[in-house]
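Peer 1: kindly return the folded structure for what I paste below:
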Amino acid sequence: MSYHLTWIISVVTLSVQALGVVFALRAVMVSRTPQSAIGWGLALLVLPWLAIPLFLIFGESKFSGYVLAGQGKAPELDDARAKIKSVLDEYRIDLPNKYQDMQDLAEGLRGLPIVGGNRTSLLVDGAETFAAIFEALEEAQTYAIVQFYIFHDDELGRKMKSVLLAAASRGVRCWVLYDKVGSKGLPDAYVEEL
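Peer 2: Model prediction:
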């Protein structure tokens with residue numbers, strides 16, 4: 001009797017540990033951030049009994065719109081993607097031949113073209129970053145899209161609000177996307193004013 005019980009416990013333990021390895025690999029592949037990948041991966045390897053149920057509940061994103069778009073499974077997303085593509089096709093560029101593989105890969109992922117007219121700048125600290133954001137908002141002529149996880153009603157947040165309101169008063173269409181959890185202390189009056 002003791003031998004059979006030991007054997008059953010061993011098989012179950014090894015099975016859960018193997019399942020933890022499988023889920024750890026999945027977590028590394030689907031996690032949106034490196035921190036999340038490392039956290040879930042380690043938890044699933046070290047504490048699979050606890051981490052597997054938690055990963056099944058909280059670990060995977062329930063939003064699959066990005067994945068579904070273009071696969072014929074969500075007509076409204078396919079239509080939106082087709083409209084975006086038709087607008088972007090006007091601005092399509094071809095990269096130099098040495099980057100053709102990269103262009104093919106990028107366009108193959110979502111079926112959207114590589115477009116020109118973009119520029120990037122490396123910003124290394126908060127002061128430099130916000131100065132560049134405020135400058136871009138002050139120069140905006142048609143639209144502005146601002147996206148932050150955290151908005152505060154502090155000096156920086158009030159400056160952001162005033163720059164956005166000034167842009168809107170010039171006729172610039174402004175959209176602000178923020179996370180309600182990350183910005184939980186943001187007063188309703190701040191949002192209403194925007």
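Peer 1: may I see the buried residues of the host helix or strand of Phe134?
Peer 2: Using DSSP states H and E, the element containing Phe134 is helix 126-139. Neighbour-count burial for helix 126-139, counted by 16 or more other CB atoms under 10 Å, picks out 133-134, 137. In this view, the C-beta of every residue, glycine as well, is placed from N, C-alpha and C.
Peer 1: from these, which is closest to Arg119?
Peer 2: Closest approach between the buried residues of helix 126-139 and Arg119, by CB to CB: Ile133, at 14.6 Å.
Peer 1: quick one: contacts for that closest one?
Peer 2: By CB atoms under 8 Å, 6 or more residues apart in numbering, the contact set of Ile133 is 146, 160.
Peer 1: and if you look at the one 10 residues further on?
Peer 2: For Tyr143, the contact set (CB under 8 Å, 6+ apart) comprises 172-175.
Peer 1: can you check what angle separates whichever helix or strand comes after the helix holding Phe134 from helix 126-139?
Peer 2: With elements assigned by DSSP H and E, the helix or strand that comes after helix 126-139 is strand 143-148. Orientation of strand 143-148 against helix 126-139 (axes from the mean of the first three to the mean of the last three CA atoms, to 10 degrees) gives an angle of 160 degrees.
Peer 1: per-residue pLDDT, the residue sitting nearest the centre point of the chain?
Peer 2: In the chain, the centroid-proximal residue (CA atoms, centre = their mean) is Arg32; its distance is 6.6 Å. At Arg32, the model reports a pLDDT of 72.
Peer 1: doesn't it fall inside a helix?
Peer 2: No: using DSSP: H, G, I helix; E, B strand; the rest coil, the assignment for Arg32 is coil, not a helix.
Peer 1: from Leu5, how far out is it?
Peer 2: Separation of Arg32 from Leu5 (CB to CB, to the nearest Å): 42 Å.
Peer 1: that older thread, can I get the contacts of Tyr143 in CSV including pLDDT?
Peer 2: Shown next, in CSV, are the contacts of Tyr143 (pLDDT from 0 to 100):
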residue, pLDDT
Val172, 96
Arg173, 96
Cys174, 95
Trp175, 94
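Peer 1: adding distance to His152, neighbour count and secondary structure, write those out as a markdown table.
Peer 2: Below are those laid out as a markdown table (distance: CB to CB, whole Å; neighbours: other CB atoms under 10 Å; DSSP: H, G, I helix; E, B strand; the rest coil):
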| residue | distance to His152 | neighbour count | secondary structure |
| --- | --- | --- | --- |
| Val172 | 23 | 17 | coil |
| Arg173 | 24 | 11 | strand |
| Cys174 | 19 | 17 | strand |
| Trp175 | 19 | 10 | strand |
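Peer 1: any chance of these in CSV, plus distance to Val191?
Peer 2: Conversion of the contacts of Tyr143 to CSV gives the following (distance: CB to CB, whole Å):
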residue, distance to Val191
Val172, 19
Arg173, 18
Cys174, 13
Trp175, 13
